[in-house]
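Got a predicted model here, sequence first, then my questions.
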Amino acid sequence: MIKHMQRARDIGLSLNAPMEFYGRVVDQYGKPVPGVSAKLNYIHYNAVVLATYEPHKAEEKSVTDSNGEFSFSGKEGVTLTVTLEPKTGVSFGNNGYWSHSFQSDKQSGVTKQPTSKEHPFIFPAYRLGQPTDLKVGLVEDYLIADNRVYQISLSQEKVIESGVGDLQISVWQEGIAYKPGTSWGFNIKGENIQLQPADDSFLYWAPNEGYLSSWNFSWADGDENYSSERNFKFWIKKGEHYGSLKVECGSFWKGKFRLIIFSSLNKTPGDPNLQPVLPNWPPKEASTTK
């Protein structure tokens, strides 16, 4: 019994590994963001009777310093997750949060540290309250999913039958939406604009480079992240002007797809800031009545 318990304890300890994490929060201008709360959650294992393992969870907090940096060290476990918490005037990640996780090799108990003091993990943030002058638009229509090409005019905010628009869009579908075996695809081509797909939650700051003329997407039933409805995000560049697109494409009825395009274009040439005018900004300080 003692040997079994000792072996269980050894195995439990071997699952854990020393973990360190260094992070830095910077805004859209590359400047540090101090005062952001970072929360660390980590899981470690403790060997109990025989070979049964019971995970233990722990939590710790830190705050970014004047250089936007924070760190956690001296932790042992199998999984570590760092989450940035909302801060007034700053946004990041989905719903105001941003997380990053890594784990040890459960076989060897060794963690390859993903960061160091010299090379911290960079969390992008957006300072709010710095709106720019944007031209915004909305296009909504229904497309037949048979590979036919539709011309989209962002300036006229509609699908046009003749002439040259800003985008060419086509959709195809095989099978019946929401049924097993369905596959579908989506093609978007810029006529007067260049495109770059985005994973940015806010699309507040356009990159200077990386734009192409067209993008293709396709999914089949069983693919990871397959859905009969899909949202796409793009940064766009029209001449010297930067902007963004949010494209919603979903099956509707008898092969038709509902298309919704939200567009914005910065009216100032060369300015990649795409933050819209925010209502009720800046936030009013809470007042108390005596």
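Structure received. Only a predicted model underlies this, so the values are computations on that prediction, with no experimental measurement involved.

Restricting the selection to alpha carbons, write the top strand by length along the chain to PDB.
Longest strand of the chain, by residue count under DSSP state E: strand 241-253. Extracted C-alpha coordinates of strand 241-253, given in PDB (Å, rounded to 0.1, in the frame of the first residue of the first chain):
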ATOM      1  CA  HIS A 241      -8.400  55.300 -47.200                       C
ATOM      2  CA  TYR A 242      -8.600  52.500 -44.600                       C
ATOM      3  CA  GLY A 243     -11.900  50.800 -43.600                       C
ATOM      4  CA  SER A 244     -13.600  47.600 -42.500                       C
ATOM      5  CA  LEU A 245     -16.300  45.200 -43.500                       C
ATOM      6  CA  LYS A 246     -18.500  42.800 -41.500                       C
ATOM      7  CA  VAL A 247     -20.200  40.300 -43.800                       C
ATOM      8  CA  GLU A 248     -23.000  38.100 -42.600                       C
ATOM      9  CA  CYS A 249     -23.900  35.300 -44.900                       C
ATOM     10  CA  GLY A 250     -26.500  32.600 -43.900                       C
ATOM     11  CA  SER A 251     -28.900  30.100 -45.600                       C
ATOM     12  CA  PHE A 252     -32.400  31.400 -45.800                       C
ATOM     13  CA  TRP A 253     -34.800  29.600 -48.200                       C
END
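
Give the pairing partners of it; include direction for each.
Note on strand 241-253: by DSSP bridges, its sheet partners are strand 229-238 (antiparallel), strand 256-266 (antiparallel).

quick one: low-confidence parts of the stretch 151-290 of the chain?
Along the stretch 151-290 of the chain, the parts satisfying pLDDT under 70 run over 177-179, 222-228, 251-255, 278-290.

Verify the stated contact: Val25 with Asp65.
No - look at Val25 against Asp65 with CB atoms under 8 Å: they stay out of range, at 10.1 Å. Where C-beta positions appear, they are placed from N, C-alpha and C, glycine not excepted.

Looking at these two, which one has more neighbours?
Val25 (26 against 14; other CB atoms under 10 Å).

Need the three-state assignment for the more buried one.
strand (DSSP: H, G, I helix; E, B strand; the rest coil).

Look up how far Ile188 lies from it.
33 Å (CB to CB, to the nearest Å).

ok, now Tyr29?
30 Å.

more neighbours, these two?
Comparing Tyr29 with Ile188 by other CB under 10 Å, the one with more neighbours is Ile188, at 23 against 10.

Please name the nearest non-neighbouring residue to Gly165.
Of all residues not flanking Gly165 in the chain, Gln151 sits nearest, at 3.8 Å (CB to CB, 6 or more residues apart in numbering).

now that neighbour, which residues is it bridged with?
Ile160, Gln168.
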